[in-house]
Every structure is written in structure tokens, then in C-alpha cells.
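Asks: Fold the following.
(chains A, B, C and D)
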2 protein chains.
Amino acid sequence: MRLTTKARYGLRALCHVAHRGYASAQVIAEHQAIPSRYLEEIIGELRRAGFVIGKRGPRGGYRLAKPPGEIVISDVLRALSTAASTNSTGEPQDEITALVERSVDDRLQAAVGNLKLDQLLGEARERHRRSAANYVI
Amino acid sequence: MRLTTKARYGLRALCHVAHRGYASAQVIAEHQAIPSRYLEEIIGELRRAGFVIGKRGPRGGYRLAKPPGEIVISDVLRALSTAASTNSTGEPQDEITALVERSVDDRLQAAVGNLKLDQLLGEARERHRRSAANYVI
DNA sequence: GGTAACCCCAGGGGAAAACCGGTATTAGCC
DNA sequence: GGCTAATACCGGTTTTCCCCTGGGGTTACC
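Replies: Got it, this is the predicted structure:
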């Protein structure tokens, strides 16, 4: 499937915020080894999509806009898919293309649609506990 | 999800061949509005992957290498995915990314893995009959 | 009022995708 | 046997998209 790095950064940022409860872009960037300027852009999209809430000024930062159990991963991925998704390219879109893409899309949606942020956190923590290695999340 | 244009061209070419039984790259390109040179390259990959058989010389062209019921769409898509898939980029690949990608990949495979070319053709013909509009396939 | 954060806008660089040209090779047909 | 229509192969070019950066504006804590 191959996610874009933007999607990966966004997911990691979300997990970080979920884990800490509250964090500034600067801290997230350092801790997750993400270019801070780029991260701001990404978090901006997450904010406009309604996943996090930003707070300005000193001691500012981000927190989740809703509990992790209500944040659907596929929604996050879609929000970070450089707009223009769902084929708004104005192309004629012939029948076969439409069929295949719809088929793939629907099934993917049905399959991954129920994966939520809290499940991701749970699995990640579980793995981390077992490996007992360096601190990742 | 958004397929690459290469994947779309390839699927359309396959459907065209399946529908006609036998066709030259030139004819397919004109009929499907695909850049002919690019199409040759794509069909070349489909041939090397064992989906079609090419015949040279005058009256040459392509035909399916096996019945449409045995051509799995996900195999076709994988064959047209510019190699290097399944993440052979050597990237460190953090935990969360791995979790999401594996999850998406597995579920997608399970969901689309059983979709075959004949089903696609059937759906396309059905739609075409209902719309009764311009000739596309 | 100073400063630490978020927030918006506008690009640049590089890599991959999409596309094209020339030539070799095969095979039908006169 | 030569002509010609097609596949097969190689390399190069253009275009598009993704990742990343910079400068400045805005809010709010102290």
C-alpha cells in the first residue's frame, strides 16, 4: 500500500498527542524526528479536519479534539491525502476505471474503516512493552 | 486509494483484449485514448508478467494468456506497481507505520484478492447495457 | 509589552511517474 | 526473397507531485 511520509508523520503526531494528552509542535517534532516546519503544516490539516485543537500563545500546543476511540484511521489518511483525492481531476473517468477504483476503495474502506486510534495505541504499547528497547512513542 | 494512470491504462488494455479476443497495441491505443508508446511499455510488463501473449509481424497483436476467470486484478495491479513495492526502500520504518501499513495491506488483499477479470467485464457490460449511451468498452 | 507559541501564504528542489524516439526483431504476404 | 506491419527493447526527456523551507501575521501568557 505504501503510505506517504506526510501520512506517517501525521499518524505519529496524533499518537504522540494522544499519549501525552497535550504537546506543542516543537516538542513533537523533536521527539519524533520530524521537520518542525513541515509538521506544523501537517498538524494544521489535522486541525482543520477536526482531529486536534490548537491553543496559541506561550504554553500553547495541541490536544485531541475527541477521544481516541472516535478517531478513525482511514479518515485521518484521507485528510492527509493532499486534497484533490476522490478524483476531482476533471478526467472523463471511463467505466472500467470507475469500477475498479470504486471496488478497491469500497472494500478498503469497509476493511480499514473500523480501525481507530486507540487500537493503534494499544498495539503499539503492547509491542513496546515486549521489546523493552528504545523509546519510540 | 487512487490508482496510478499506468495501472488504469493496463486494466483498460486488458479489458479491451479480453473483450475482443485479439487486438494490436495500435488499435487499443486509439480506441482507449492511451498514448501508444506508453501503452506498448505497459503491455510489455503485462506480457512479462504472464497475462498476455504477443505475436509479431503483420496481423500481429495481443491475446490473453489465460481465461479471464483466472486473471486476478490484484496481481495485475501489483505487476504494474513499478517493482520496489512492499517497502524495499531500506527505511527504518517505525512501529506505527508498520502497524498501519500491514493492517491496510492485509485487509486490502483479503478484500480485493478474489476480484477477477471476468467479474470486472461482467459489471462493465451490465452498466453499459443500462446506460445505453456511447460506446466505451 | 515582550515573547512563545500557533497560523497562513508562497514557493524550490528532487525524485518518480508519464511519455517519446530510434532501432532491432519477427512474421505474414506478394 | 524482399516488403511491410507489427512486437520487443533501450535510453532519454518532460511533467507532475511530494517533501521541505522561509517569512511574516496573530494570539495569549507573564
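Asks: ok, now which ones touch A:Leu14?
Replies: A:Leu14 makes contacts with A:Leu46, A:Phe51, A:Val52, A:Leu64, A:Ile71, A:Val76, A:Leu117, as judged by C-beta atoms under 8 Å, 6 or more residues apart in numbering or on different chains. Bear in mind the C-beta positions are built from the backbone N, C-alpha and C, glycine included.
Asks: and what of A:Leu64?
Replies: The contact partners of A:Leu64, by C-beta under 8 Å, 6+ apart, come to A:Leu14, A:Val17, A:Ala18, A:Phe51, A:Val52, A:Ile53, A:Ile71.
Asks: of the residues you listed, closest to A:Glu40?
Replies: When the contacts of A:Leu64 are ranked by distance to A:Glu40 (C-beta to C-beta), A:Val52 comes first, at 12.1 Å.
Asks: what bridges to that closest one?
Replies: Going by DSSP bridges, A:Val52 is paired in beta bridges with A:Leu64.
Asks: Isn't it up against A:Val17?
Replies: Yes: with contact defined as C-beta atoms under 8 Å, A:Val52 and A:Val17 form a contacting pair (6.2 Å).
Asks: hey, what's in contact with both of these two?
Replies: Once C-beta under 8 Å, 6+ apart is applied, the residues that A:Val52 and A:Val17 both contact turn out to be A:Tyr62, A:Arg63, A:Leu64.
Asks: Give me the buried positions along whatever helix or strand A:Gly10 lives in.
Replies: Remark: A:Gly10 resides in helix A:5-20, with elements defined by DSSP states H and E. Under the neighbour-count criterion of 16 or more other C-beta atoms under 10 Å in any protein chain shown, helix A:5-20 has A:6-18 buried.
Asks: number of nearby residues for A:Asn114?
Replies: 12 (other C-beta atoms under 10 Å in any protein chain shown).
Asks: Oops, could you answer that again for A:Ile53 instead?
Replies: 13.
Asks: so what's it up against?
Replies: Contact criterion C-beta under 8 Å, 6+ apart gives A:Arg47, A:Tyr62, A:Arg63, A:Leu64, A:Ala65 as the residues in contact with A:Ile53.
Asks: Output those residues in JSON lines, with distance to A:Thr82 and pLDDT appended to each entry.
Replies: Listed next are those as JSON lines, based on distance: C-beta to C-beta, whole Å; pLDDT from 0 to 100:
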{"residue": "A:Arg47", "distance to A:Thr82": "17", "pLDDT": "97"}
{"residue": "A:Tyr62", "distance to A:Thr82": "21", "pLDDT": "98"}
{"residue": "A:Arg63", "distance to A:Thr82": "25", "pLDDT": "98"}
{"residue": "A:Leu64", "distance to A:Thr82": "23", "pLDDT": "98"}
{"residue": "A:Ala65", "distance to A:Thr82": "22", "pLDDT": "97"}
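Asks: which among those residues gets closest to DNA strand C?
Replies: Proximity of these to DNA strand C was ranked by C-beta to the nearest atom of the strand; the top entry is A:Arg47 with 4.9 Å.
Asks: anything in the helix or strand hosting that closest one near chain B?
Replies: Following DSSP H and E, the helix or strand that holds A:Arg47 is helix A:36-48. No: applying C-beta under 8 Å from any C-beta of the partner chain, one finds helix A:36-48 separated from chain B by no less than 14.4 Å.
Asks: in that helix, what's buried?
Replies: The neighbour-count check on helix A:36-48 (16+ other C-beta under 10 Å) flags A:Leu39, A:Ile42, A:Ile43, A:Glu45, A:Leu46 as buried.
Asks: what pLDDT does the fourth one get?
Replies: Among the per-residue scores, A:Glu45 holds a pLDDT of 96.
Asks: List the contacts of it.
Replies: Here A:Glu45 is in contact with A:Gly10, A:Ala79, A:Leu80 (C-beta under 8 Å, 6+ apart).
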